[in-house]
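Student: Sequence and predicted structure below; questions after.
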Amino acid sequence: MLNLMEGIIPEYDRKGKTRGPSGSSVTGIVPTNAYPCIPDPSAPLIPTYVVIGANGDSIYQRLMETIGRSDLTGPSYAQNHHRVSRQSEIETAISDWTRRHSVEEVIETMNRVGVPVGRVVTVKEVLESEQTKARGA
């Protein structure tokens, strides 16, 4: 559990700041979040998500160009500290794009341009995975 809290511990220890919940985003790192995709046709009622971590400056640039949002690049978005104040705008743009694509399409597109991405798996997939079985869990 502490590993999941690693960013908030130094904030509290050094600055006395107590941060509240932030959902699936990583506070102060933009963009890094879970984004909704088109549900799998075999399970249309189960939401599907990908995690995209494009907080590196050049990675962010590639992401925004790939999703057709070059308008969210340039000097006002050049570095992470610029993007933090525009998090809502950026997150909305990415979500608007991912919502129009399947998980597989998003992963293929992001891998092609070198943007870190991963599929959020269901509990069923975790429990049935080879890794879980190999651990005897």
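Tutor: Looks like it came in fine. What you see is a predicted model, and the numbers here were worked out from it, not measured in a lab.

Student: Could you check how far Ser129 is from Pro41?
Tutor: Computed as Cβ to Cβ, to the nearest Å, the Ser129 to Pro41 distance reads 22 Å. Quick note: C-beta positions are derived from backbone N, CA and C, even for glycine.

Student: So for those two, which sits in the more crowded spot?
Tutor: For Ser129 versus Pro41, the count of surrounding residues by other Cβ atoms under 10 Å is larger for Ser129: 13 against 7.

Student: Identify the bridge partners of the residue nearest to the spatial centre of the chain.
Tutor: Residue closest to the average C-alpha location in the chain (Cα atoms, centre = their mean): Asn33, at 2.7 Å. According to DSSP bridges, the partner residues bridging Asn33 are Ile52.

Student: looking at it, it is touching Ile90, isn't it?
Tutor: No - the criterion here is Cβ atoms under 8 Å, and Asn33 misses it with Ile90 at 9.4 Å.

Student: quick one: low-confidence ranges for this structure?
Tutor: 1-9, 12, 17-27, 137 (pLDDT under 70).

Student: one more time with 90
Tutor: Applying pLDDT under 90 to the chain flags the ranges 1-29, 42-43, 45-46, 55, 121-129, 131-137.

Student: residue boundaries of the helices in it?
Tutor: Assigned by DSSP state H, the helices in the chain fall at 8-15, 57-66, 80-84, 87-98, 103-113, 123-127, 130-134.

Student: Can you get me the centre-to-centre distance for stretch 125-136 and its chain?
Tutor: Centroid separation for stretch 125-136 versus its chain: 24 Å, with Cα atoms, centre = their mean, to the nearest Å.

Student: Sorry, slip of the keys, the one I care about is stretch 119-133.
Tutor: Distance of stretch 119-133 from the chain centroid (Cα atoms, centre = their mean) equals 19 Å.

Student: buried sites along that stretch?
Tutor: Val120 (16 or more other Cβ atoms under 10 Å).

Student: which residues are contacting that stretch?
Tutor: 34, 46, 48-51, 103, 107 (Cβ atoms under 8 Å, 6 or more residues apart in numbering).

Student: let's go with 7 Å and repeat that
Tutor: Applying Cβ atoms under 7 Å, 6 or more residues apart in numbering, the contact partners of stretch 119-133 are 34, 46, 49-51, 103, 107.
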